[in-house]
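> Here's a sequence, model it:
(chains A, B, C and D)
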Protein chains: 4
Amino acid sequence: MLEYDNNATIPDTQASIETRNLTVNGAGISGLKLPMQIIDVDGQTHHTIVTTEAEVLVAADERGTHMSRLVETIDGLSPRLEITGLTAAHKKMLVRLGSSSGRLCLRFPWFIAKKAPVSGIESWLDIEVQYRVESARNSKRAKTIQVLRIPVTTLCPCSKSISKYGAHNQRSYVTVKLESEQPIPISPLVSIVESQASCAVYALLKRADEKFVTETAYENPKFAEDLVRDIYQAIENAYSPVSLGVSTENQESIHNHAAYAYIGRDPRGLALLS
Amino acid sequence: MLEYDNNATIPDTQASIETRNLTVNGAGISGLKLPMQIIDVDGQTHHTIVTTEAEVLVAADERGTHMSRLVETIDGLSPRLEITGLTAAHKKMLVRLGSSSGRLCLRFPWFIAKKAPVSGIESWLDIEVQYRVESARNSKRAKTIQVLRIPVTTLCPCSKSISKYGAHNQRSYVTVKLESEQPIPISPLVSIVESQASCAVYALLKRADEKFVTETAYENPKFAEDLVRDIYQAIENAYSPVSLGVSTENQESIHNHAAYAYIGRDPRGLALLS
Amino acid sequence: MLEYDNNATIPDTQASIETRNLTVNGAGISGLKLPMQIIDVDGQTHHTIVTTEAEVLVAADERGTHMSRLVETIDGLSPRLEITGLTAAHKKMLVRLGSSSGRLCLRFPWFIAKKAPVSGIESWLDIEVQYRVESARNSKRAKTIQVLRIPVTTLCPCSKSISKYGAHNQRSYVTVKLESEQPIPISPLVSIVESQASCAVYALLKRADEKFVTETAYENPKFAEDLVRDIYQAIENAYSPVSLGVSTENQESIHNHAAYAYIGRDPRGLALLS
Amino acid sequence: MLEYDNNATIPDTQASIETRNLTVNGAGISGLKLPMQIIDVDGQTHHTIVTTEAEVLVAADERGTHMSRLVETIDGLSPRLEITGLTAAHKKMLVRLGSSSGRLCLRFPWFIAKKAPVSGIESWLDIEVQYRVESARNSKRAKTIQVLRIPVTTLCPCSKSISKYGAHNQRSYVTVKLESEQPIPISPLVSIVESQASCAVYALLKRADEKFVTETAYENPKFAEDLVRDIYQAIENAYSPVSLGVSTENQESIHNHAAYAYIGRDPRGLALLS
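Model (predicted):
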């Protein structure tokens, strides 16, 4: 692909006349990776690796978009990106590409400093985060969608109640997808999710911590359905977002398949990061 | 997870009273794999491995669904499934689970017998196929969505026109997502997609075939935007489906990222199989 | 790539003189998928989807191999392949390609019919299987390596012993890699692995079954190190294979990382299917 | 898993007597992710996300290792790791864990600043890098293995020579695995690989650049076999490493499978990063 600007004696194939009369809803690039320092709305900062997608609408009378300008748009986000600046970056992309609508997606690992529950020793927990800024065709307003994917422990209430001892439990991935007037900081969202799970997960646990998380999970059994309801309510209460979806995928320890549940109209959106 | 029917002196935790007053849009299982013989609507048949998802809505006054009945539903589809029977299977699932709506997804590799263009030697081309039967809440009617992911060759028109010789080309994955009154057979859909690409791909090519595909691709350069428009028009003309989405993801040979384009309202749906 | 046989007025680039004096240890194709009916050495049969790799050594004075003949070799394995015939297929490949050594790999999902432990209801458990037939340079003898990847439940002895109640448990993937005089049937190998785990996993469990697997896992706690030792001993005792490697990867329910252990000289080989 | 040290009234299950008399070659953790600043031996520095593995040998008379100490070992590498310090980190791990041998693996995306060949515009190219420090049982010396995975363009000599115009080309992933007395800096290794390919790949190419890379690839056709030979020779000449393996995986634009070639004794090691 190439820059299709007027710099050239080289023929510009992309500028040729388009007669099929079909709008292309999105054309762009995906899988472009960059190192970036990301600053969350609450000031939390991490150097991370961002996998990007950028696309614009191609009108019915245009043959194609300018792929290299989308690469330049993404390059322009590094080395330091404030989440509060995403909407402006999206707008700049549309102007640069001369398109009426488009979408800018960033996806990256993010890290939460966790203190082990008894020993208090700190370690990092990696979660997956996505931001998606998109505008509808001919709409002035862009909306920003946040998606978080957070590992937790779930313990099965049924297994606990029917068994003499023990209960099956597993790592589960909770996905939260929300749109709000202003981006919500990542850290408190993760805390809400963890507080509703059977137990949070940690990278580093000493023996006293392991006892704690084992017993805590046993004391807080949750079905997949329980978990998404409790998280949904807690986020609703805390933030009243414009739209909200919550899913969990439980990697069942007793099966070779997952159990899942979601609240929201868009299950596929919730699975985005899986 | 377990069977929550009334067979037991074992307590049924799932049947407990639910007070959060939140509908769970879907609860179910994913990643369950089975061997199945699939019979397409045109009689084409393959033994394949099906990765399944099955979910139902959990009403606001119910605590959870019966995960093991969903496993039984899926088991009931094997060993031999006619695509024409999918709607009935979906209906049966809702009855069995006592739910007003739900979704049944099957995803599997499918094989097209291809003749090499000059030598005529046959080989298999593997594509990815998904069927999704879903009903909206309280709707009687289920709709069936088909998704196909098909590899083709694309050759860049710009690269060809500006270069003294050669042109960059690459493997591209075209995804077609459609809803229609009746499922459309897979084979002719694949043929339409291949006929619009720069060239089709094949597992087995002799030297005369390789000359043919190299030259054919060079004679049929297409941008990502061209390809989705041409495929969209061709499928529209042939089938007038209720809804249609088309995407391509070109694994650029000159970059370490992809270029893509799509027509349709649901880019994420198009990426489903990638 | 193409057929480099002598059929042509088309120039044969591959046959040109090679002067770099470097043997290429393997050249071939990977990721080619085919539907195949596989017959195990004990007669167990499944239709499955096989992902293949085929390669041969390219001698220091040859420029390249004949990729299309490798595709033909693989095509020749379908539609029905007996595991006992793998060595002969490998030999035929070397003759067809005119090479002194090479490797043929098949990887596919396989299915075990499992009866739930109390209700006795049957369901399929999917495992991953690989066969690799390879010969050392200038060796007459080809060896066949089998690799199985089997999901089981593990429950942590430490968590159990230190906690008032409960114990963390998780799905674990056991990988067994072995070379033997004759291929060993898959089914009894899977049984050995399952019998040493905290508990086997099943697709379909009724309530009474779920009680059983929960309690069984609690009664049989195993560290990753315990599990690989017990499986290693059990397979040694049953089959005395020429070489044996055993690993487990436990998808810890209390962490977002895995714990693993292996016995054998080749950890990477054990990770092959993960 | 937990810390098994003597801090506790909590029973230490791990310290129990081991009677199976089987050495566990490696026990540890995998998939633990951390943000880290990595300093290469030539001073090149990137903040990146490191996926880690750490394991130690468990002697025949020990029941298990101390998983939480391995997490601490890895935590101790952040926030700033010099590649020259890897051997010392490995040694420290063995001392901390009280084991005679072990392995420490780090895998991360790394970035090369590339200038487009004509316009000179800079962009990042992402490659994958792995370092593995390992010691054989009872050996004092640890060896460091470097693995790089680098995308390039390859263009098929056969397709070019038999066709009237054009030639199929594709993105290929070259993997270089080497052991040397001292780690070799990443940047010049990447340059060697790129200089032997049909052409290098870039994130950002303007029209004049696209013309350049298209023509350059056409002028430098290479089979998979050619590419691994040329890279092998070039690295041998430049560095004479203790051991060297080179592979390429060409994502054929005319097939739905890959063509590959490798030089070295360990094909699986070469595929490590794919």
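> Tell me how many other residues surround residue A:87.
The burial count assigned to residue A:87 is 18, neighbours taken as other Cβ atoms under 10 Å in any protein chain shown. Glycine gets a C-beta too; all of them are placed from N, C-alpha and C.
> so it touches residue A:141, yeah?
No. In this structure, residue A:87 is not within contact of residue A:141 by Cβ atoms under 8 Å, at 9.3 Å.
> mind listing the helices for the stretch 1-150 of chain A?
Remark: helices of the stretch 1-150 of chain A, listed N- to C-terminal, are A:67-75, A:86-97; assignment by DSSP state H, counting those that start in this stretch.
> taking the ones you listed together, which one is wrapped up most tightly?
Comparing those by mean neighbour count (mean count of other Cβ atoms under 10 Å in any protein chain shown), helix A:67-75 ranks first with a mean of 24.
> Not counting that helix itself, show me its contacts.
By Cβ atoms under 8 Å, 6 or more residues apart in numbering or on different chains, the residues outside helix A:67-75 that reach it are A:1-4, A:27-29, A:32, A:34, A:52, A:54-56, A:89, A:92-93, A:96-97, A:104, B:259, D:123-124, D:203-206.
> 6 Å instead, please
Applying Cβ atoms under 6 Å, 6 or more residues apart in numbering or on different chains, the set of residues contacting helix A:67-75 from outside is A:1-3, A:28-29, A:32, A:52, A:54, A:93, A:96-97, B:259, D:123, D:203-204.
> Looking at those, spot the one nearest residue A:131.
Using Cβ to Cβ, residue A:52 is the member of the contacts of helix A:67-75 that lies nearest residue A:131, at 10.3 Å.
> out of the contacts of helix A:67-75, which is most surrounded?
The member of the contacts of helix A:67-75 surrounded by the most neighbours (other Cβ under 10 Å) is residue A:28, with 31 neighbours in all.
> Could you point out the longest helix of chain A?
Longest helix in chain A by number of residues, with DSSP state H as the criterion: helix A:224-239.
> Between the contacts of helix A:67-75, which sits nearest residue C:255?
Of all these, the one with the least separation from residue C:255 (Cβ to Cβ) is residue A:52, at 29.1 Å.
> shaky segments in the stretch 1-150 of chain A?
Where the stretch 1-150 of chain A drops to pLDDT under 70, the residues are A:1-15.
> what's the neighbour count on the closest residue to residue A:152 other than its chain neighbours?
Closest residue to residue A:152 in three dimensions, ignoring its sequence neighbours and counting by Cβ to Cβ, 6 or more residues apart in numbering or on different chains: residue A:197, at 3.5 Å. Residues near residue A:197, counting by other Cβ under 10 Å, number 24.
> Please apply the same query to the one 5 residues further on.
For residue A:202, the number of neighbouring residues by other Cβ under 10 Å comes to 26.
> Report the secondary structure state of it.
Following DSSP: H, G, I helix; E, B strand; the rest coil, residue A:202 is assigned to coil.
> Let me know whether it touches residue A:112 as I believe.
No. Taking contacts as Cβ atoms under 6 Å, residue A:202 lies outside contact range of residue A:112: 9.9 Å.
> and the residue of the stretch 51-200 of chain A nearest chain C?
residue A:166 (3.3 Å; Cβ to the nearest Cβ).
> now the strands for chain A?
Applying DSSP state E to chain A gives strands spanning A:24-39, A:45-58, A:80-82, A:102-115, A:122-135, A:142-155, A:169-179, A:199-200, A:243-250, A:258-263.
> Now the last one - C-alpha only, PDB.
Written as PDB, here are the backbone C-alpha positions of strand A:258-263 (Å, rounded to 0.1, in the frame of the first residue of the first chain):
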ATOM      1  CA  ALA A 258     -16.000 -23.200  29.200                       C
ATOM      2  CA  ALA A 259     -19.200 -22.000  30.900                       C
ATOM      3  CA  TYR A 260     -20.100 -18.400  30.200                       C
ATOM      4  CA  ALA A 261     -22.700 -15.700  30.800                       C
ATOM      5  CA  TYR A 262     -23.300 -12.200  29.700                       C
ATOM      6  CA  ILE A 263     -25.500  -9.200  30.100                       C
END
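> quick check, distance from that strand to the centre of its chain.
For strand A:258-263, the separation from the chain centroid amounts to 17 Å (computed by Cα atoms, centre = their mean, to the nearest Å).
> What residues does chain A have near chain C?
Within chain A, the positions lying close to chain C (Cβ under 6 Å from any Cβ of the partner chain) are A:151, A:153, A:159, A:162-171, A:201, A:210-211, A:213-215, A:218, A:251, A:253-256.
> Buried ones among these?
If you count burial by 16 or more other Cβ atoms under 10 Å in any protein chain shown, the buried members of the residues of chain A next to chain C come out as A:151, A:153, A:159, A:162-163, A:166-171, A:201, A:210-211, A:213-215, A:218, A:251, A:253-256.
> ok, and of those residues, which contact chain B?
By Cβ under 6 Å from any Cβ, the members of those lying near chain B are residue A:162.
> is it true that residue A:245 touches residue A:236?
No. In this structure, residue A:245 sits apart from residue A:236 without contact. The criterion is Cβ under 6 Å, and the distance is 11.6 Å.
> Tell me which of those two has more neighbours.
Neighbours per residue, other Cβ under 10 Å: of residue A:245 and residue A:236, the larger number sits with residue A:245, 23 against 14.
> Roughly how far does residue A:73 sit from residue A:133?
For residue A:73, the distance to residue A:133 (Cβ to Cβ, to the nearest Å) stands at 12 Å.
> try residue A:49
Here the distance between residue A:49 and residue A:133 works out to 19 Å (Cβ to Cβ).
> Could you do residue A:89 as well?
When Cβ to Cβ is the yardstick, residue A:89 and residue A:133 sit 7 Å from each other.
> what's the answer for residue A:36, then?
Separation of residue A:36 from residue A:133 (Cβ to Cβ) stands at 15 Å.
> now residue A:145
When residue A:145 is compared with residue A:133 (using Cβ to Cβ), they lie 8 Å apart.
> follow-up on the earlier one: which one of the helices of the stretch 1-150 of chain A lies nearest to residue D:179?
Taking Cβ to Cβ, helix A:67-75 is the member of the helices of the stretch 1-150 of chain A nearest to residue D:179, at 35.6 Å.
> Which ones among the buried ones among the residues of chain A next to chain C map onto helices?
Within these, membership in helices is found for A:159, A:162, A:210-211, A:213-215, A:218, as judged by DSSP H.
> how far is stretch A:111-121 from where the chain is centred?
23 Å.
> hey, C-alpha coordinates of that stretch in CSV?
The C-alpha trace of stretch A:111-121 is given here as CSV (Å, rounded to 0.1, in the frame of the first residue of the first chain):
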residue,chain,number,x,y,z
PHE,A,111,-0.8,-3.8,34.8
ILE,A,112,-2.4,-3.5,38.3
ALA,A,113,-0.1,-3.4,41.3
LYS,A,114,-1.7,-5.9,43.7
LYS,A,115,-0.9,-6.5,47.3
ALA,A,116,-1.2,-10.1,48.4
PRO,A,117,-4.1,-10.2,50.9
VAL,A,118,-2.2,-11.3,54.0
SER,A,119,1.5,-10.8,53.5
GLY,A,120,0.9,-7.6,51.6
ILE,A,121,3.7,-8.4,49.1
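> Before I go, just wanted to say thanks for your time.
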